[in-house]
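Engineer: After the sequence you'll find the predicted model.
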Amino acid sequence: MRTLIDFSRRYGADPALVIAGGGNTSMKENGVLYIKASGEALASVSADSFVALDLAALLAILEKRYPLSDEEREAAFLADVQAAALPGQADKRASVETLLHALFPQRYVLHLHPTLINGLTCSAEGARAAARLFPSALWVPECRPGYTLARLLADRLSPERHTVLLQNHGVFFAADDAGTLDRLLKHMLDTLGGEVSGAENAEPPYPALEEPFTPDQIVYCGAGPELPEGENARALYEDARKIAAFAGFFGGPRPMSRELISFIVGWEAESYRKSRA
Ligand SMILES: [Zn+2]
């Protein structure tokens, strides 16, 4: 647990890697998954910030059939994830990506939204650039988070895979020790830093607020024309400006689709996260 808390705080304290309540981390031990509770900031986690869930019960969710409508499916899925929590955990809500963390066989999983990496995931040529620069990473096209994303990964994730890039969202690293997580992240940041050299001197463009790049941006800035008040909204918008600048090196910025934006706007799990902000 000490290792999990240490690397969660260390990465969480760097706004270039994650802002506000974004991102999450987990650890597996003796058949239990410990994952950061939804809405908690990585920078300030303690042992109490993690929800303990039965790993086998989580993986059994993949065998279930759910209703087709978004609302019914997400409600049933969320109830099943919560039901996998060990006794005494009812007051904490597991992250929306809990099942995804469970799918990695490695002991530790680190999920971040780094600005530089999202310059790649939110770009028109992102998939092609990712294949060239990070051939061992799995690229996942824009997809509804939660159940849909976990289902997709369950079919594509192989045990030796340690890096997953999510279009218009962020990155997952998985490893059996914290040092390997460090190396995987550093390699990706160094490689991308070389690709976008000079970007730090450019004046980033002002992307349209109605065309958000990531779910985080919707949670903290909304998807309307006006930027809301507050530190998190401003931080996310400055992040979006840098993402747009970095994306210029990979074929130009690519906002989320209208369809995915309206899903996130109406998604209960993200309203919950916003209410904790
Ligand atoms: Zn995320």
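Structural biologist: All right, it came through fine.
Engineer: what separates the residue lying farthest from the centre of the chain from D54, distance-wise?
Structural biologist: The centre of the chain is farthest from one residue, N201, which by Cα atoms, centre = their mean lies 27.7 Å away. Distance, N201 to D54, using Cβ to Cβ, to the nearest Å: 51 Å. (Each C-beta comes from the backbone N, C-alpha and C, glycine too.)
Engineer: Enumerate the strands of the stretch 151-277 of the chain by residue range, in sequence order.
Structural biologist: Using DSSP state E, counting those that start in this stretch, the strands of the stretch 151-277 of the chain run over residues 163-166, 170-175.
Engineer: where's E97 relative to F249, distance?
Structural biologist: Taking Cβ to Cβ, one finds E97 at 28 Å from F249.
Engineer: right, I mislabeled it, should have said P215
Structural biologist: 23 Å.
Engineer: Can you give the domain ranges for this structure?
Structural biologist: 2-195, 201-275 (automatic domain parsing).
Engineer: which stretch in the ones you listed has the least confidence?
Structural biologist: Of all those, the minimum mean pLDDT falls on domain 201-275 (a mean of 89).
Engineer: Show me which residues of stretch 165-179 are buried.
Structural biologist: If you call a residue buried by 16 or more other Cβ atoms under 10 Å, then stretch 165-179 has these buried ones: 165-175, 178.
Engineer: wait, stretch 85-98
Structural biologist: Those would be 85, 89, 92-98, for stretch 85-98 by 16+ other Cβ under 10 Å.
Engineer: Quick check: the farthest pair among these?
Structural biologist: Spanning the widest gap among the buried residues of stretch 85-98 are Q89 and E97, at 17.1 Å by Cβ to Cβ.
Engineer: hmm, back to that, any chance of the strands of the stretch 151-277 of the chain in JSON lines, plus distance to A20?
Structural biologist: Formatted as JSON lines, the strands of the stretch 151-277 of the chain follow (distance: least, Cβ to Cβ, whole Å):
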{"stretch": "strand 163-166", "distance to A20": "18"}
{"stretch": "strand 170-175", "distance to A20": "13"}
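Engineer: Nearest to S262 among those would be which one?
Structural biologist: Set against S262 and scored by Cβ to Cβ, these come closest in strand 163-166, at 18.7 Å.
Engineer: Direction included, what does the closest one pair against?
Structural biologist: strand 138-140 (parallel), strand 170-175 (antiparallel) (DSSP bridges).
Engineer: possible to save those as JSON lines with distance to E210?
Structural biologist: Converted to JSON lines, the strands paired with strand 163-166 look like this (distance: least, Cβ to Cβ, whole Å):
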{"stretch": "strand 138-140", "distance to E210": "24"}
{"stretch": "strand 170-175", "distance to E210": "21"}
